[in-house]
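**Student:** What follows is a protein structure lacking sequence information:
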């Protein structure tokens, strides 16, 4: 019998306890991973290189305040801009759903095309979309979710605008940061609402990342002291601003994660000390046989580390399998989309489990180191 | 015959190390559960608190919230001549046409920006909401660019102290007072003159109409009348009903509380089980003695269940105590219905604490069930022989 089998046999001697410990570490690890993934999902918008080239200009008062359509002429004159399109959130309800898990935006199709840097058309043609004022472009995710195809009709009931939409799907897009949305003609929206001469926001593409700051300053300056002052920012900054409106999600989830980790530590420490207390006499015998403190410590450490590691493996693997195979988008009605368990998150949970194994071994090791052989031999179970 | 409770109590005290770690573990689980529920409760409470059962709120048909509703002056002109509307001492009809604007404001301590609701309101509208009282400064004056802000909102955003200014486009609004709305949804708003709001925010249309019918029968008549008139395209409902529906923000938090509560309690159940198994193993001879003395298997099971429940209940109580300091702490989040920040408080009610303790007792019972059964099945003779 070598040291490794000795440690393994000891760890699994009380099968029930080993099982309970491994499972509770696994559950906590899975929980930790889920929380970290949730935090990432809610606070980090999906990254895309093109996002730094795209700029969103909204009314300085707030996103809910419209901008005058006449600003387009001024924007067109600003150098460094490749294309500008109106971009208005329609906020309609699809079919009879209470919560519609995707957005509809009114755009100018011809001007919007250059902004779809990373996207491509999956089915139908973009030209068809440009030509037909009553058509729309649909994201591939939504198409799959509802089993739609090119040529189908989509009906929306307006909640912000007092009008309803009846759109024919002209084409399907894919590969953008969000493949769920519907885009339709701003002209149609104007027509239905009696042409109020307003747009929600301006969405524009700049030539290169270098000029983007310059363009932002120029846009903000151009409308200073007019009746509709503008706040322009990169798409990414805009998304981060949106997230900051959610409030302290980061803090909330962060503190819950801390509590989970702390609970985990408590469980492991108490298990480890129980395991050691049970065989105090044996350890005393080992000591009497001439094993050094360091060696005893490494026995305990290896056992606790092994149990924690096994639990972590189960928890991390299990949660990764779970989240990569579950259709959360459907389950949460579009609230959670990707819920990707990244290697970084898995590594974090792994490190926590490893530290846990070490921390849990410290207390019992000190107790063992301190005991005198004679006392240890005298202990009853 | 049941074993005396004192026996359980002393046992728990004697094994103080494992007791403390189990109690703390369960306490943390319970406090997370209670705090999340308290958040959801806070959001629901602020909606439930809002509105007068006598009032009727009118918005555009199809809009989900006041802030997304648009209605014209002509709608107001039609409605104000309804005979069923109550009148005040000056014989004016109690009807108010209001406008909701959303303004992005910086949070305090540089925590980014968030949307806030500004309500353009009339004198009648303030009469219709007696729960709102001025606590500091004065009310805004009609025709002036002044706002009176909810005190709780002022605590979360920069520049909302009295004398501070809010930039609304090229115009400035001066804060002249703070009001308190008794924990209702109006605590997340700032009020100003309706017509001034229309000019500043460049809006032709209003958002909503609030009115008070003469009596309950008149209320039913008005709702039916508005519903029937297709030209109006308006939706009328009792103010309390409208606000009680505005609690969707609480749903994700409730789901999170449920999921976390379940997942964490699984961990806690295993921890409790571990402790109880160790406790049974350490007491083998004692259990044998008890059986010899004549205690039945059932009373041994009961004894360990009681002990587990007691251990867990201690954890539950500690958990509630840990959560308690958060009671009344104000926080805010984005309300996706109104598209603006809603301010609310953690609400830890006695009922919620009771739920927390009950939750912990369930954890304790589930965790000690298997160890208790094991204890009762120990063969008496070999148990007595064990060291």
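**Tutor:** Now that the structure is in, tell me what you want to look at. Note that this is a predicted model, so its numbers are computed, not measured.
**Student:** Only C-alpha atoms from now on, for both contacts and neighbour counts.
**Tutor:** Fine.
**Student:** Spatially central residue for chain A, please.
**Tutor:** Among the residues of chain A, the one closest to the centroid is residue A:41, at 1.4 Å (Cα atoms, centre = their mean).
**Student:** Next, work out how far apart that residue and residue B:361 are.
**Tutor:** Residue A:41 sits 34 Å away from residue B:361, going by Cα to Cα, to the nearest Å.
**Student:** Does the residue nearest to the centre of chain A touch residue A:339 like I think?
**Tutor:** Yes: here residue A:41 reaches residue A:339: they are 6.0 Å apart, a contact under Cα atoms under 8 Å.
**Student:** Distance check, the closest residue to residue A:66 other than its chain neighbours against chain B.
**Tutor:** Using Cα to Cα, 6 or more residues apart in numbering or on different chains and skipping the chain neighbours, the partner closest in space to residue A:66 is residue A:200 (4.8 Å). Residue A:200 sits 13 Å away from chain B when distances are taken as Cα to the nearest Cα, to the nearest Å.
**Student:** Can you list the buried residues in the least confident helix or strand in chain B by mean pLDDT?
**Tutor:** The weakest-scoring helix or strand in chain B, judged by mean pLDDT, DSSP states H and E, is helix B:250-282 (a mean of 79). The neighbour-count criterion (16 or more other Cα atoms under 10 Å in any protein chain shown) identifies B:250, B:253-254, B:257, B:260-261, B:263-281 as the buried residues of helix B:250-282.
**Student:** same check, this time on stretch B:236-251
**Tutor:** B:236-244, B:246-247, B:249-250.
**Student:** Return the subset of those residues lying in helices.
**Tutor:** Judged by DSSP state H, the buried residues of stretch B:236-251 include B:239, B:240, B:241, B:242, B:243, B:244, B:250 as members of helices.
**Student:** tell me the least confident of the buried residues of stretch B:236-251?
**Tutor:** Among those, residue B:249 has the lowest pLDDT, at 70.
**Student:** How about the contacts made by the nearest residue to that residue once chain neighbours are set aside?
**Tutor:** In this structure, residue B:249 finds its nearest non-sequential neighbour in residue B:335, 5.8 Å apart by Cα to Cα, 6+ apart. Taking Cα atoms under 8 Å, 6 or more residues apart in numbering or on different chains, we find residue B:335 in contact with B:249, B:341, B:342.
**Student:** other SSEs contacting the least confident helix or strand of chain B?
**Tutor:** helix A:15-43, helix A:249-278, helix B:16-48, helix B:297-323, helix B:350-377 (3 or more Cα pairs under 8 Å, 6 or more residues apart in numbering or on different chains; DSSP states H and E).
**Student:** Are the longest one and chain A in contact anywhere?
**Tutor:** Just to be clear, that refers to helix B:16-48. Yes: with Cα under 8 Å from any Cα of the partner chain as the criterion, chain A is reached by helix B:16-48 at B:18, B:21, B:22, B:24, B:25, B:28, B:29, B:32.
**Student:** quick one: which of these is nearest to residue B:146?
**Tutor:** residue B:32 (42.2 Å; Cα to Cα).
**Student:** Confirm that residue B:75 sits in a helix.
**Tutor:** Yes: the assignment for residue B:75 (DSSP: H, G, I helix; E, B strand; the rest coil) places it in a helix.
**Student:** interface residues of the stretch 251-387 of chain B facing chain A?
**Tutor:** Counting by Cα under 8 Å from any Cα, the residues of the stretch 251-387 of chain B that sit close to chain A are B:260, B:263-264, B:266-268, B:270-271, B:274-275, B:278, B:282, B:332-334, B:341, B:387.
**Student:** check whether the host helix or strand of residue B:98 contacts chain A.
**Tutor:** Assigned by DSSP states H and E, residue B:98 belongs to strand B:95-106. Yes: using Cα under 8 Å from any Cα, strand B:95-106 reaches chain A at B:101, B:102, B:103, B:104.
**Student:** now the third one, which residues is it bridged with?
**Tutor:** Meaning residue B:103. residue B:116 (DSSP bridges).
**Student:** Dig out what the residue nearest to residue B:249 forms beta bridges with.
**Tutor:** Residue B:335 forms beta bridges with residue B:340, as assigned by DSSP bridges.
**Student:** what separates the residue of the stretch 251-381 of chain A found nearest chain B from residue A:277, distance-wise?
**Tutor:** Nearest to chain B, among the residues of the stretch 251-381 of chain A, is residue A:263, at 5.2 Å (Cα to the nearest Cα). Applying Cα to Cα, the value for residue A:263 to residue A:277 is 21 Å.
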